[in-house]
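Asks: Just need the structure, nothing else, for what follows:
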Amino acid sequence: MKATVVYFSVSGKNEQVAKAIDRELKEKGHTTDVVYLQPKRPMGVIKAVINSVFSRSVELAEQYSAGDAELLVLVGPVWASSVNPVTRAFLAQLTDLGGRRVVNVVGGFNPHVNVVREINKQLKAHKAGPIVSRALRMRDVDNPDKMAAVAAEIVAEATA
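Replies: Numbers count the residues shown, from 1 in each chain. Predicted coordinates for the structure are as follows:
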């Protein structure tokens, strides 16, 4: 199976989660592309939080898509109990997912299930197929072994 792993991370924690999922997919014989979502302009902390609170997106550096992947993996942080503006921008530019499988992982100090639901709703509006979702507390994946175990669980469910 071909997968595209798309992520946004500021602290590096969500990047680690995305790369752990990428490694697990490759270990299971899948091919992957990894894409870092880059905002067009740098965001300061205050602007980023305000954008999150008011459900605003930002302009991305380029147009991203799921390409020809059968599985789309989306990893990003929760900011101010909301979808971060970079993930929001990516979701806004998605086109028809054509029933593709999707993994939706949000992580943060206190990720909220409502953020997972909001992203899933947008993915379904873009005609996603089965969606595997996780809201991770970053302290729960604070070492490589824990992160690898979570990645293995996610990949097993997404590729079953």
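Asks: Distance from the chain centre to stretch 150-160, please.
Replies: Its chain's C-alpha centre and that of stretch 150-160 lie 14 Å apart, by CA atoms, centre = their mean, to the nearest Å.
Asks: ditto for stretch 35-42
Replies: The chain centroid and the centroid of stretch 35-42 are separated by 14 Å, computed with CA atoms, centre = their mean.
Asks: and it, which residues are buried?
Replies: Residues Val35, Leu37, Pro39 are the ones in stretch 35-42 that count as buried (16 or more other CB atoms under 10 Å). C-beta: built from backbone N, CA, C; applies to glycine.
Asks: Does the last one touch Tyr64 like I think?
Replies: No. With contact defined as CB atoms under 8 Å, Pro39 does not reach Tyr64; the gap is 11.7 Å.
Asks: could I get the worst-scoring helix or strand of the chain on mean pLDDT in PDB with only the CA atoms?
Replies: Counting by mean pLDDT, DSSP states H and E, the chain has its least confident helix or strand at helix 45-53, which shows a mean of 72. Output of helix 45-53 as PDB, limited to C-alpha atoms (Å, rounded to 0.1, in the frame of the first residue of the first chain):
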ATOM      1  CA  VAL A  45       2.700  32.300  19.200                       C
ATOM      2  CA  ILE A  46       0.000  34.900  19.800                       C
ATOM      3  CA  LYS A  47      -1.200  35.000  16.200                       C
ATOM      4  CA  ALA A  48      -1.200  31.200  16.000                       C
ATOM      5  CA  VAL A  49      -3.400  31.000  19.200                       C
ATOM      6  CA  ILE A  50      -5.700  33.700  18.000                       C
ATOM      7  CA  ASN A  51      -6.100  31.900  14.600                       C
ATOM      8  CA  SER A  52      -6.800  28.600  16.400                       C
ATOM      9  CA  VAL A  53      -9.400  30.100  18.700                       C
END
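Asks: other SSEs contacting that helix?
Replies: strand 71-79, strand 82-83, helix 85-93 (3 or more CB pairs under 8 Å, 6 or more residues apart in numbering; DSSP states H and E).
Asks: relative to strand 71-79, how tilted is the last one?
Replies: Angular relation of helix 85-93 and strand 71-79 on a 0 to 180 degree scale: 140 degrees, by axes from the mean of the first three to the mean of the last three CA atoms, to 10 degrees.
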